[in-house]
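A.B. asks: I would like the atomic coordinates for the input below:
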Amino acid sequence: MGTGAANAGGNRAIWLLATACVLIGAVVWALMRPDAESASSHATGPAGMAGLYRLLGQEGVTLGRRSTLPLPAAGILVGAVGPAQPSEADAATLLQWVDAGNEAIVLGPLPALGALLRVETGPRPYGDAEAQAAVALPQLRAAPTLRLPGGSLLLPVGGPVGRAAPLYTVLGQPAALEVTVGSGRLYWIGSAGVWSNATLARWPGNLALAEGLLDGPRPVWFDEYWFGLGAAGTPGQAQRRAQPARPPLPGGAAVPLVALLLAAVAGLWAAGWRRHPVRRDPPAAPGASEPLLAYAEWLFRGGTRAKGGGDDRGA
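C.D. replies: Residues are numbered from 1 along each chain as shown. Below is the predicted model of the structure:
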């Protein structure tokens, strides 16, 4: 009986530890994969842009992804700002690329870019807002309103570099800009989720703007390094990285460490390693052939007197 209980306890501990490890692995994998609140064009979650990427591909647009430097030779670059902000040197490289006759579409607040264009970006002055078209661009005719799921106003201060015109406004303040930079053009929308999977599925105006700006003969490149999955740093540092950095886990490494600690505590508890363990089933009483000393030792360890065994107080 005692051996069976010990084996059952050991099996229970093994199963609990195995289950905890599987659960921890699933949680960490879910947090670290690109679909976890990432604006990547690979991501199929609510914040991802896989829907837009696939839709443009079905419409015959030449597509590509950029995960390292240098920038593509030509075309349109789309980047949704992620948790790792690019440096001012990265933003300067982007503007040089636009100046050469290309187009860039930046989604979300980007202080490094604002510093070069002399545009202030507020932290988050509005939540889920409806923006109104402010100009009569051909691309905006089918998209008179945009749904901006959180973001920042883009307020020029002292006159930005090049010519700037508000594209959309929220309560009369610009939430999207069109900036002419040399021979190219920069579109800057203050919301990183304007073309996310969740937004495109609900708001036709957002989809119409995406098709108006991106559906054409020029190749469209989705930025997977500086913005959606990128890490801040100088262009030289970025070029030395072979793959884009993963988005940081909530609270750094606290989540997996706490989960591992809880799993260890559960495993030790299941195995019976406690400060004050409960009393287990006593081992079987020694047979008649065993010496009296062994029987006394068994009693000292917590055994009980066998039925009919006489008085245990001694003669």
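A.B. asks: Helix or strand with the lowest mean pLDDT in the protein?
C.D. replies: helix 235-239 (a mean of 36; mean pLDDT, DSSP states H and E).
A.B. asks: Dihedrals phi and psi, residue 133?
C.D. replies: Dihedral angles of residue 133 (phi, psi; degrees, to the nearest 10) stand at phi -60, psi 140.
A.B. asks: after the host helix or strand of residue 179, next one along is what?
C.D. replies: Assigned by DSSP states H and E, residue 179 falls within strand 173-181. With elements assigned by DSSP H and E, the helix or strand that comes after strand 173-181 is strand 184-189.
A.B. asks: Direction included, what does that next one pair against?
C.D. replies: Partner strands for strand 184-189, per DSSP bridges, with pairing direction: strand 103-107 (parallel), strand 173-181 (antiparallel).
A.B. asks: For these, give me a markdown table that also has distance to residue 209, mean pLDDT and mean neighbour count.
C.D. replies: All C-beta spots, glycine's among them, are computed from the backbone N, C-alpha and C. Shown next, in a markdown table, are those (distance: least, Cβ to Cβ, whole Å; pLDDT from 0 to 100; neighbours: other Cβ atoms under 10 Å):
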| stretch | distance to residue 209 | mean pLDDT | mean neighbour count |
| --- | --- | --- | --- |
| strand 103-107 | 10 | 96 | 24 |
| strand 173-181 | 9 | 93 | 22 |
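A.B. asks: per the record, what domains does the chain have?
C.D. replies: Segmentation of the chain into domains, based on automatic domain parsing, reads 35-239, 286-315.
A.B. asks: ok so, going back, in JSON lines: the strands paired with strand 184-189, plus distance to residue 95.
C.D. replies: Below are the strands paired with strand 184-189 laid out as JSON lines (distance: least, Cβ to Cβ, whole Å):
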{"stretch": "strand 103-107", "distance to residue 95": "8"}
{"stretch": "strand 173-181", "distance to residue 95": "6"}
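A.B. asks: circling back to that earlier point, export the strand holding residue 179 as CSV, just CAs?
C.D. replies: In CSV, the C-alpha atoms belonging to strand 173-181 read as follows (Å, rounded to 0.1, in the frame of the first residue of the first chain):
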residue,chain,number,x,y,z
GLN,A,173,-6.1,69.0,-36.2
PRO,A,174,-3.9,67.1,-38.7
ALA,A,175,-3.7,63.3,-38.0
ALA,A,176,-2.1,62.5,-41.4
LEU,A,177,0.3,64.5,-43.6
GLU,A,178,1.6,64.4,-47.2
VAL,A,179,5.1,65.8,-47.3
THR,A,180,7.0,66.4,-50.5
VAL,A,181,10.7,65.6,-50.0
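A.B. asks: just for the stretch 151-300 of the chain, where's the confidence low?
C.D. replies: The model of the stretch 151-300 of the chain has pLDDT under 70 over residues 159-162, 228-300.
A.B. asks: before we move on, the earlier item: deepest of the domains of the chain, which one?
C.D. replies: Counting by mean count of other Cβ atoms under 10 Å, domain 35-239 has the highest mean neighbour count of those, with a mean of 19.
A.B. asks: Helices along this structure, start to end?
C.D. replies: Along the chain, counting by DSSP state H, helices occupy 2-32, 50-58, 88-99, 111-117, 197-200, 204-214, 235-239, 254-271, 292-300.
A.B. asks: For the fifth one, enumerate the helices and strands it packs against.
C.D. replies: Other elements packing on helix 197-200 under the criterion 3 or more Cβ pairs under 8 Å, 6 or more residues apart in numbering; DSSP states H and E are helix 50-58, strand 145-151, helix 204-214.
A.B. asks: okay, these in JSON lines with distance to residue 227 next?
C.D. replies: Shown next, in JSON lines, are the helices and strands packed on helix 197-200 (distance: least, Cβ to Cβ, whole Å):
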{"stretch": "helix 50-58", "distance to residue 227": "14"}
{"stretch": "strand 145-151", "distance to residue 227": "14"}
{"stretch": "helix 204-214", "distance to residue 227": "16"}
